[in-house]
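S.K.: this one's sequence-less:
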Ligand SMILES: Cc1ncc(C[n+]2csc(CCOP(=O)(O)OP(=O)(O)O)c2C)c(N)n1
């Protein structure tokens, strides 16, 4: 990843070039294929440790935002933002080892799913207590502001999470302190089995931005280019020192809440309606129409993605589980603890 450029130099959101468009399609497809393998194959084979939450149908949000981050920026993903991990440099091998609780995974089998993070890659691990990531984003935002390098924190959460008190407190604090944070609400229409109309009384959550004193924008979360340009504007604002933004990405959860949930409470016609707006097919169609890629190149991406997922699964399956005693190592902090020995910049 490159350094953050001067941010006051351009006022219009740039259209992504061919290389970025190709990378977007690649990460969309890689995310979809990897999650499908986890949810529809490995979970059913009993090889996944713990629950499985995927972001099928909402991949454009993570891709359209993380793809434009720089060195030193920080992302705080939600449980459905697989792509943020890939784009920030986690390998599929690491990720699959974590889902399968193998000792080669970042958690060495001590935690599972996407509960992984790495400050050197600018990723804060998912926090299970929904909403808690937003105050943490404020802490990150304060450090980034003090460092004065034009970096931002980008935090993802669902519309259900957006009703939690700590999210409101964090957004208020970020606005007052002009912290460089982008609050991205992945509004996928259901919080577990609760539809939006049973959860909040406004039509669009985006209106809340103004209530905190920050821009609030709604965007089609299934259109990766719309997400890209909306996030780009918010990034530019944050990098310039003008403070946070709130972006509501409208999308749909094309699965149950998790792999054990058949989502029988969701009317079937909603799936049919949103399938027509599939973010991957939309971008693929556009790139073919604009001749950014031809059919053979798209097929090559599909084959490459499948090969990479096959490789990661094989690697994880061949990796050992941790030894019993290892599972406690590094869980409690002692004098060798990394943060006690890390000088504060
Ligand atoms: C504080 C808290 N309450 C409840 C849960 C259990 N839980 C996990 S995901 C989820 C649904 C959250 O909905 P939303 O924020 O809209 O995100 P989505 O799962 O739709 O992406 C719930 C209730 C939790 N992890 N933390």
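M.R.: Looks like it came in fine. Quantities reported herein were computed from a predicted structural model and do not represent experimental measurements.

S.K.: only C-alpha atoms for contact and neighbour calcs from this point on.
M.R.: Noted.

S.K.: ok, which stretches of the protein are strands?
M.R.: 74-76, 153-158, 181-187, 190-191, 194-195, 216-220, 245-250 (DSSP state E).

S.K.: would you turn those into a markdown table with mean pLDDT, mean neighbour count and distance to the ligand?
M.R.: Converted to a markdown table, the strands of the chain look like this (pLDDT from 0 to 100; neighbours: other C-alpha atoms under 10 Å; distance: least, C-alpha to the nearest ligand atom, whole Å):
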| stretch | mean pLDDT | mean neighbour count | distance to the ligand |
| --- | --- | --- | --- |
| strand 74-76 | 98 | 27 | 14 |
| strand 153-158 | 98 | 25 | 3 |
| strand 181-187 | 98 | 27 | 6 |
| strand 190-191 | 98 | 20 | 3 |
| strand 194-195 | 98 | 14 | 8 |
| strand 216-220 | 98 | 20 | 16 |
| strand 245-250 | 98 | 27 | 11 |
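
S.K.: Compare the ones you listed and give me the one nearest residue 207.
M.R.: Nearest of those to residue 207, taken as C-alpha to C-alpha: strand 216-220 at 5.9 Å.

S.K.: report the angle between the axes of that closest one and strand 245-250?
M.R.: Between strand 216-220 and strand 245-250, the angle comes out at 30 degrees (axes from the mean of the first three to the mean of the last three C-alpha atoms, to 10 degrees).

S.K.: Each with direction, which strands does strand 216-220 pair with?
M.R.: Applying DSSP bridges, strand 216-220 is found paired with strand 245-250 (parallel).

S.K.: Quick one: residues in contact with the partner strand.
M.R.: Residues outside strand 245-250 that contact it (C-alpha atoms under 8 Å, 6 or more residues apart in numbering) are 61, 181-189, 204-206, 209, 214-222, 227, 230-231, 234, 238.

S.K.: Flag every residue of this protein that's near the ligand.
M.R.: Counting by C-alpha under 6 Å from any ligand atom, the chain comes close to the ligand at 80, 128-130, 157-161, 188, 190-192.

S.K.: Would you indicate which residues of stretch 258-274 are buried?
M.R.: Within stretch 258-274, the residues that qualify as buried are 259, 263, 266, 274, counting by 16 or more other C-alpha atoms under 10 Å.

S.K.: Could you tell me which of these are located in helices?
M.R.: residue 274 (DSSP state H).

S.K.: Save the buried residues of stretch 258-274 as JSON lines, and put in pLDDT and distance to residue 121 too.
M.R.: Shown next, in JSON lines, are those (pLDDT from 0 to 100; distance: C-alpha to C-alpha, whole Å):
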{"residue": "259", "pLDDT": "95", "distance to residue 121": "29"}
{"residue": "263", "pLDDT": "97", "distance to residue 121": "35"}
{"residue": "266", "pLDDT": "98", "distance to residue 121": "37"}
{"residue": "274", "pLDDT": "98", "distance to residue 121": "33"}
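
S.K.: I'd like the buried residues of stretch 258-274 as a markdown table, with distance to residue 167 appended.
M.R.: Shown next, in a markdown table, are the buried residues of stretch 258-274 (distance: C-alpha to C-alpha, whole Å):
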| residue | distance to residue 167 |
| --- | --- |
| 259 | 27 |
| 263 | 27 |
| 266 | 27 |
| 274 | 28 |
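
S.K.: Closest one to residue 197 out of the buried residues of stretch 258-274, please.
M.R.: residue 266 (13.2 Å).

S.K.: Could you pull up the contacting residues of that closest one?
M.R.: With contacts defined as C-alpha under 8 Å, 6+ apart, residue 266 is in contact with residue 193.

S.K.: cool, and residue 132?
M.R.: By C-alpha under 8 Å, 6+ apart, the residues touching residue 132 are 166, 167.

S.K.: what does the model give it for pLDDT?
M.R.: Here the pLDDT value assigned to residue 132 is 97.

S.K.: Looking at the buried residues of stretch 258-274, spot the one nearest residue 252.
M.R.: residue 274 (6.8 Å).

S.K.: Test my guess that that closest one contacts residue 267.
M.R.: No: between residue 274 and residue 267 there is no contact under C-alpha atoms under 8 Å: 11.7 Å.

S.K.: nearest to residue 112, of the buried residues of stretch 258-274?
M.R.: Among those, and counting by C-alpha to C-alpha, the member closest to residue 112 is residue 259, at 14.9 Å.

S.K.: Adding distance to residue 91, write the strands of the chain out as TSV.
M.R.: Formatted as TSV, the strands of the chain follow (distance: least, C-alpha to C-alpha, whole Å):
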stretch	distance to residue 91
strand 74-76	16
strand 153-158	21
strand 181-187	24
strand 190-191	29
strand 194-195	34
strand 216-220	29
strand 245-250	26
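
S.K.: The residue nearest to residue 110 when sequence neighbours are not counted: neighbouring residues, count only.
M.R.: Closest residue to residue 110 in three dimensions, ignoring its sequence neighbours and counting by C-alpha to C-alpha, 6 or more residues apart in numbering: residue 327, at 5.6 Å. Using other C-alpha atoms under 10 Å, residue 327 has 16 neighbouring residues.
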